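A.B. asks: predicted coordinates and the sequence they were generated for:
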Amino acid sequence: MGKAQKKTGKGRLDKYYKLAKEQGYRARSAFKLIQLNKKYNFLEQARCCIDLCAAPGGWLQVASKYMPTNSVIVGVDLVPIKPIPHVVTFAADITTPHCRNLIQGELKDWKADVVLHDGAPNVGTAWIQDAYSQSELVLMSLKLAVQFLAKGGTFVTKVFRSVDYNNLIWVFSQLFGKVEATKPPSSRNVSAEIFVVCRDFLAPKLIDPKFLDPRHVFKELASSADKIVGNDVQANVFHPEKKRRQRDGYNDGDYTLFKTISATDFIQGEDPIAALGTFNKITFETEQEKEWLDLDITTEDVKANCDDLKVLGKGDFKMLLRWRLKLREEYGLDVKTKDTKEMVETVEVDEEMDEEQKISEELARLNTEVAARAKRARRRANEVRTKTIQRMQLQMTAPLDIGLEQHDASLSIGQEDVFDLGEAENQMNKRAQIKWLNDDGLEVVDSGDSDGQNGSDQEEDVGLSSDEEQNRKVDELEAELDNLYDTYKDRLRERDAKFKVKEERAKNKEREKEWNGIQVTDDEDMESDDSGGWNRDEFDGNDTSSSESSDDEDEDKNEGEEDPLAGRKRLRPPKDSALPTAKRQRLVKTLESPSKPSSAATHLWFSQGVFSGLNGVDDLNMNDDEREEESDEDESVEQVSDFEIVPASQDDGADTWDANGEDQSAAKSERMQKLGLDTAEAVTLAQMLVNRQKTKTELINDGFNRYSLNSKEGLPSWFLDDEAKYYKANIPITKEAVAALRAKQRALDARPIKKVAEAKARKKMRAAQQLEKAMKKADGVNDASDMTEREKAKQIERLLQKGKSRGKKAKKEIKVVVAKGAHKGIKGRPKGVKGRYSMVDARMKKEVRAQKLRDKQHKRKRA
Ligand SMILES: C[S@@+](CC[C@H](N)C(=O)[O-])C[C@H]1O[C@@H](n2cnc3c(N)ncnc32)[C@H](O)[C@@H]1O
């Protein structure tokens, strides 16, 4: 067997490693310089070369090979370099003045044509630090290069593709005529290194030291606008491509985090959205502001929203913006007032217009209005249709429903055309407002009421257009808000790589919920009012009066985090449901799960993911006494609570749980599987019950914690999203539970694949058929009168034998012969063997078998 080869990491013995060995180079990196030189030809004409960070000397070897003879070649490295003919080497740190002096001493008045730099700090610490010190090293090497390079010279350096890359390139481009980055083929793809070849050194007389100062180049470049002094190279604007995040600190003199804005400033301010984003609270302190608090438009919600702006969601912001608009209108701050004034003026001018023009303008206005309304209606109808189609794709709706919904939609469109309730309401509100304003003696824009004639018509027109105006404004603000929210989400997406995954997961969950939602019909109006639960028999078409089955288990699965107190949903497929048969069957199957909730208190558990479904297990674990006790509890809870209680029913599988430990576990795991209890937490709880570590009541009591009765109503979605991550009970899991789940998974994995199972079943079935046939024939033989009993017995035995062995191929008999002399290499047919034969080496056979076994085990381990 050959020597094991390193296949990973830097020790990988690749093509260039071997080539370097073959050609006598000290490092495989020599090929990088060879390839760079092949592309740019800088070594052939060079008479003086400095190699910074040169150990072990691969590049020096290349330089000495490709440069003309008698060239000056100087190599520097932290570590000493083994001597190379015609090459001078030092051991020095290239970042120190000592190194510069050494080089200077060696070159005297000479200038270098080429400066090479392949430096890399010792890797192994944090990548960011490595990258940064490599960039620093590059800058240090550039510092030496600009000092020693002749005009038109070449500087070749290794750079790591890091955040500083662009800054470095920018600096190079200020000092060299041509700057190109390239990755030679010998540089490993996995490496972040890249080589920058800077040609045609501009040799400026004076270089701003900031150009070579790492602190400046890598940190504050964006803010500087420096110039190279005394040369034609001008660097007026320093803007590297890389974006650096500007972190805003506190404003000068403003060190408070909690900021308030007065309602007046918010109402009169020009940028309400910015205000909502900046401040924490809108305050009402002046007399006028306090009056605003008493206005009808300042609802309790608005007040609550003003109280803490930081917890608001999009909807709440919209509400505040609408409120602001209304107040602005009332106080004549908004365009509406102007519009209305203008309109009044226009009306006055209109009187002077001739009748025909008036009519045509009125017609045009009406047409636009009708068109806008139709457009809105169309959009709404489209939304409804899209939703319905989506629901149908998810098999949540029968095509028939689409017709209905469309009909509904068209009906509502029609209605809207005839009488738009919303619009009418708006008009009424509008009038009420005007009246109220008059009463309060506030300034009101008279829209024609005063003259008494056709006042109402005019008022309607004004109302209509001002409403439209208001809608338009609100729409604009909403669009702006939406945009801001989208930008925020995009930013989040950019920052958080996992955001997309999370979003996708959330969408899937929603889809799942929707799907489950159709399995358990949850329409409010379909709730049966007397049965206290859906009757499975009724669904099946049987006429039964008692409700045997309860749906809570499924309900639980489907409802997820539904607040138990907020009106529970129940499983109620309608009796004459239009569901396809397969779906009905599936539903019935789902319902056949035997677990039942036993108490109202237990329902509270449903509010928490892991407790959900435990109910059934719990119930099954109870003995009769406990059950009785439980039912007492039920009654008491029923009396005090106002939420719905599903009557507990007897479970036919309950006895299995009392039998013995083994059976219990098996039944439990099966039951748990049915209940979907496949989380480690759920198994832990189940095991606690089985092992009698905790009683059911104790577990229920544990279930009441600070997470139990959370109302999510009215909370902004972003807040809930955030809370969902951490605000949940932490149920400790045991090793045993994890092991049980693993074992379950392993058992699942070990099942034969469907094809194999089917083939086996087919074989069995065929054998059974053959046997049956043979039995029939045997019956016939038995009935035959022309045979003796002995003959009959023989015949029957033969038939049965045939029936049994049919389908089975007779195994060939294998005769084993020891071939003498085979181990000595004597080949050919062994003596005394006739027909086909194969030579078998017993040892080899064993080895092959052992190897196969090892492979198999290895595979299983990896799986
Ligand atoms: C990848 S090796 C150079 C290989 C070289 N080009 C060759 O072909 O043999 C990087 C070298 O940079 C050197 N180095 C790192 N920091 C240095 C420093 N501050 N001054 C001098 N050499 C340094 C290391 O000692 C190391 O030998």
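C.D. replies: Cool, got the structure. Numbers count the residues shown, from 1 in each chain.
A.B. asks: thought Ile207 was touching Leu149?
C.D. replies: No: between Ile207 and Leu149 there is no contact under CB atoms under 8 Å: 11.8 Å. Where C-beta positions appear, they are placed from N, C-alpha and C, glycine not excepted.
A.B. asks: of those two, who's got more company?
C.D. replies: Taking other CB atoms under 10 Å, Ile207 and Leu149 do not tie; Leu149 has more neighbours (25 against 22).
A.B. asks: quick one: residues contacting that one.
C.D. replies: Lys111, Ala112, Asp113, Val115, Phe155, Phe201, Ala203 (CB atoms under 8 Å, 6 or more residues apart in numbering).
A.B. asks: got a quick PyMOL command for the buried subset of these?
C.D. replies: Remark: buried members of the contacts of Leu149, expressed as a PyMOL selection using 16 or more other CB atoms under 10 Å:
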select buried, resi 112+113+115+155+201+203
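A.B. asks: burial check on the closest residue to the ligand within the chain, number of neighbours?
C.D. replies: Proximity of the chain to the ligand (CB to the nearest ligand atom) peaks at Gly58, 2.8 Å away. Here the number of neighbours of Gly58 (other CB under 10 Å) works out to 22.
A.B. asks: distance of it from Arg829?
C.D. replies: For Gly58, the distance to Arg829 (CB to CB, to the nearest Å) stands at 63 Å.
A.B. asks: likewise for Arg379?
C.D. replies: 90 Å.
A.B. asks: next one: Asp213
C.D. replies: 89 Å.
A.B. asks: what do you get for Lys281?
C.D. replies: 103 Å.
A.B. asks: also Lys473?
C.D. replies: 103 Å.
A.B. asks: re the thing from before, of Asp213 and Arg829, who's got more company?
C.D. replies: Using other CB under 10 Å as the criterion, Asp213 and Arg829 rank with Asp213 on top: 14 against 10.
A.B. asks: what sits against the closest residue to that one other than its chain neighbours?
C.D. replies: Nearest non-adjacent residue to Asp213, counting by CB to CB, 6 or more residues apart in numbering: Leu139, 7.8 Å away. Contact analysis of Leu139 by CB under 8 Å, 6+ apart lists Leu168, Val171, Leu212, Asp213, Pro214, Val217.
A.B. asks: element containing Lys82?
C.D. replies: Assessed by DSSP states H and E, Lys82 sits outside every helix and strand.
A.B. asks: what do you get for Leu720?
C.D. replies: Assigned by DSSP H and E, Leu720 falls in helix 717-726.
A.B. asks: got it, and Thr89?
C.D. replies: Using DSSP H and E, Thr89 falls in strand 88-91.
A.B. asks: past that strand, which element shows up next along the chain?
C.D. replies: Strand 88-91 is succeeded, C-terminally, by helix 97-107 (DSSP H and E).
A.B. asks: got a list of contacts for that following helix?
C.D. replies: Helix 97-107 has contacts (CB under 8 Å, 6+ apart) with Cys48, Ile50, Val72, Val74, Val76, Val88, Phe90, Ala92, Asp93, Leu144, Gln147, Phe148.
A.B. asks: how about a cut-off of 10 Å?
C.D. replies: 48, 50, 52, 72, 74, 76-78, 88-94, 96, 110, 112, 115, 140, 143-144, 147-148 (CB atoms under 10 Å, 6 or more residues apart in numbering).
A.B. asks: that helix vs the ligand: in contact?
C.D. replies: No: if you take CB under 6 Å from any ligand atom as the test, helix 97-107 misses the ligand, and the best it gets is 7.1 Å.
A.B. asks: between helix 97-107 and the helix or strand just after that helix, find me the angle.
C.D. replies: Next along the chain after helix 97-107, taking DSSP H and E as the criterion, comes strand 112-117. Between strand 112-117 and helix 97-107, the angle comes out at 150 degrees (axes from the mean of the first three to the mean of the last three CA atoms, to 10 degrees).
A.B. asks: same for strand 112-117, what does it pack against?
C.D. replies: With contacts taken as 3 or more CB pairs under 10 Å, 6 or more residues apart in numbering; DSSP states H and E, strand 112-117 sits against helix 30-40, strand 48-52, helix 58-66, strand 72-77, helix 127-148, strand 149-160, strand 193-201.
A.B. asks: to Ala737, which of those lies closest?
C.D. replies: Among the helices and strands packed on strand 112-117, helix 127-148 comes nearest to Ala737, with 38.5 Å by CB to CB.
A.B. asks: between strand 149-160 and that closest one, find me the angle.
C.D. replies: Interaxial angle, helix 127-148 versus strand 149-160 (the same axes, to 10 degrees): 170 degrees.
A.B. asks: buried residues in helix 127-148?
C.D. replies: 130-146, 148.
A.B. asks: stretch 759-771 too?
C.D. replies: Ala767, Gln770.
A.B. asks: what's the answer for stretch 748-757, then?
C.D. replies: For stretch 748-757, the buried set under the neighbour-count rule, 16+ other CB under 10 Å, is empty.
A.B. asks: how long is it end to end?
C.D. replies: Taking CA to CA, to the nearest Å, stretch 748-757 runs 14 Å from one end to the other.
A.B. asks: which other residues reach it?
C.D. replies: So stretch 748-757 is in contact with Gln673, Glu758, Ala759, Lys760, Arg860, Ala863, going by CB under 10 Å, 6+ apart.
A.B. asks: and for stretch 781-790?
C.D. replies: Here stretch 781-790 has contacts from Glu791, Lys792, Ala793, Lys794, Gln795, Ile796, Arg798, Leu799, using CB under 10 Å, 6+ apart.
A.B. asks: burial measure for the first one, as a count.
C.D. replies: Glu791 has 12 neighbouring residues, counting by other CB under 10 Å.
A.B. asks: got it, and the fifth one?
C.D. replies: Applying other CB under 10 Å, we find 17 other residues in the vicinity of Gln795.
A.B. asks: secondary structure element for the residue lying closest to it once chain neighbours are set aside, which one?
C.D. replies: Excluding the flanking residues, the one nearest Gln795 by CB to CB, 6+ apart is Val781, at 4.8 Å. Using DSSP H and E, Val781 sits in helix 754-783.
A.B. asks: could you point out which element follows that helix?
C.D. replies: Next in sequence after helix 754-783, counting helices and strands by DSSP H and E, comes helix 789-805.
A.B. asks: CA-only coordinates of that following helix in CSV, if you can.
C.D. replies: The C-alpha coordinates for helix 789-805 follow below in CSV (Å, rounded to 0.1, in the frame of the first residue of the first chain):
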residue,chain,number,x,y,z
GLU,A,789,-56.9,-44.4,0.5
ARG,A,790,-53.2,-44.8,0.2
GLU,A,791,-53.1,-43.6,-3.3
LYS,A,792,-55.3,-40.6,-2.3
ALA,A,793,-52.9,-39.7,0.5
LYS,A,794,-49.9,-39.9,-1.7
GLN,A,795,-51.6,-37.8,-4.4
ILE,A,796,-52.8,-35.2,-1.9
GLU,A,797,-49.3,-35.0,-0.4
ARG,A,798,-47.8,-34.4,-3.8
LEU,A,799,-50.3,-31.7,-4.6
LEU,A,800,-49.8,-29.9,-1.4
GLN,A,801,-46.1,-30.1,-1.8
LYS,A,802,-46.4,-28.7,-5.3
GLY,A,803,-48.7,-25.9,-4.1
LYS,A,804,-46.2,-24.9,-1.4
SER,A,805,-43.1,-25.0,-3.5
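A.B. asks: check which residues of that helix are buried.
C.D. replies: Going by neighbour count (16+ other CB under 10 Å), the buried part of helix 789-805 is Gln795, Ile796, Leu799, Gly803.
A.B. asks: can you check stretch 315-325 too?
C.D. replies: Applying 16+ other CB under 10 Å to stretch 315-325 flags Asp316, Phe317, Lys318, Met319, Leu320, Leu321, Arg322, Trp323, Arg324, Leu325 as buried.
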